[in-house]
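Novice: What shape does this take:
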Amino acid sequence: MMPPRSCIPCEKIENDAYDWYARHEAKIAEAENKRADLIFIGDSITHFWNCEEGISYGLEVWNEFFAQRSVLNLGFGFDRTQNMLWRIEHGEMANQHPKVIVVNAGTNNFSITPNYDGDTPQETFAGIKKLIYSIRALAPQALIVVMGVFPRQPEKIQTNINLLNKLLQEFISALPHTEKIQFLDLTEKFLYPDGSFNPDLYQDRRCHPNCAGYRIWANALEYVIAPLL
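Specialist: A predicted model of the protein is given here:
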């Protein structure tokens, strides 16, 4: 039986506001010349936290928390799990021995476009699980922090996100305590007290955090990563 496409490494699927292949080559070169203590792997939510392509939704927060640390940002706008798998298998983590790797993946697997008709929560979970195993093979010593997918609009996508996060939490909590992996789900912090979506934490009021949203993420990460960095 063939694995779902979310598990099969592939090059870019979508166009975004940057050159995917040029960024990939730049990240290979960065990995050759930097020894990062902290690596972020993800999509546009990670990519546009700092200002590497002239786009940033949270640069103030990035500079406050990460500018003085050795960090490699492997976020690529509009990437799905299979794109992330391809990138790390093609040199973006070469020669790296990080202390912490933060994985924020999965939201784009639910995005339906002319190029992609979307994945189920189970298929997306399979892709993230494959990504975790691939990262572990490349960085056996690192703490892997797997982010729960952040809340997003429209509501029909949020239903998929809720199930995906439940699958991730169950999977990671069932791993042996000797595994250096942690699930960090900030869903409640991105919602109003009544459980409804809080658009004021988002740049576009639907998907990408603004500075206030990124500060929630950074503060939560700091409790986890500060003792190791």
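Novice: which residues touch Asn160?
Specialist: Listed by Cβ atoms under 8 Å, 6 or more residues apart in numbering, the contact set of Asn160 reads Phe110, Thr120, Pro121, Thr124. No exception for glycine: its C-beta is placed from N, CA and C like everyone else's.
Novice: actually Ser134, not the one I wrote
Specialist: For Ser134, counting by Cβ under 8 Å, 6+ apart, the contacting residues are Leu85, Ile88, Glu89.
Novice: Using neighbour counts, give me the buried entries of those.
Specialist: Leu85, Ile88 (16 or more other Cβ atoms under 10 Å).
Novice: close enough to count as contact, Leu49 and Gly75?
Specialist: Actually, residue 49 is Trp rather than Leu. Yes - using Cβ atoms under 8 Å, Trp49 makes contact with Gly75 at a distance of 7.0 Å.
Novice: joint contacts of the two?
Specialist: With Cβ under 8 Å, 6+ apart as the test, Trp49 and Gly75 both reach Phe40.
Novice: When these two are compared, which one has more neighbours?
Specialist: Neighbour tally, Trp49 and Gly75, criterion other Cβ atoms under 10 Å: the higher count belongs to Trp49, 28 against 23.
Novice: Please identify the helix or strand for that one.
Specialist: For Trp49, there is no helix or strand it lies in under DSSP states H and E.
Novice: Skipping its backbone neighbours, what lies nearest the residue nearest in space to the middle of the chain in space?
Specialist: In the chain, the residue lying closest to the centroid (Cα atoms, centre = their mean) is Asn104, at 1.8 Å. Once flanking residues are discounted, Asn104 sits nearest to Gly42: 3.8 Å by Cβ to Cβ, 6 or more residues apart in numbering.
Novice: so what's that neighbour up against?
Specialist: Counted by Cβ under 8 Å, 6+ apart, Gly42 has contacts Leu74, Gly75, Phe76, Asp79, Met84, Val102, Val103, Asn104, Ala105, Met147.
Novice: which residues in the protein form strands?
Specialist: In the chain, strands defined by DSSP state E lie at 38-42, 71-75, 100-104, 143-147, 181-184, listed in chain order.
Novice: what would those look like in TSV with mean pLDDT and distance to Gly195?
Specialist: TSV is the format used below for the strands of the chain (pLDDT from 0 to 100; distance: least, Cβ to Cβ, whole Å):
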stretch	mean pLDDT	distance to Gly195
strand 38-42	98	25
strand 71-75	97	28
strand 100-104	98	22
strand 143-147	98	20
strand 181-184	96	19
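Novice: So which of the contacts of Ser134 belong to helices?
Specialist: Leu85, Ile88, Glu89 (DSSP state H).
Novice: farthest pair in the contacts of Gly42?
Specialist: Phe76 and Met147 (15.7 Å; Cβ to Cβ).
Novice: and Trp217, how many residues sit next to it?
Specialist: Trp217 has 25 nearby residues by other Cβ under 10 Å.
Novice: and it, what does it touch?
Specialist: Met147, Leu186, Pro209.
Novice: Include distance to Pro3 when you put these into a markdown table, please.
Specialist: Below are those laid out as a markdown table (distance: Cβ to Cβ, whole Å):
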| residue | distance to Pro3 |
| --- | --- |
| Met147 | 23 |
| Leu186 | 29 |
| Pro209 | 31 |
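Novice: closest to Ile172 among those residues?
Specialist: Met147 (11.2 Å).
Novice: For that closest one, which non-adjacent residue is spatially closest?
Specialist: Asn104 (4.2 Å).
Novice: Thanks a lot, catch you later.
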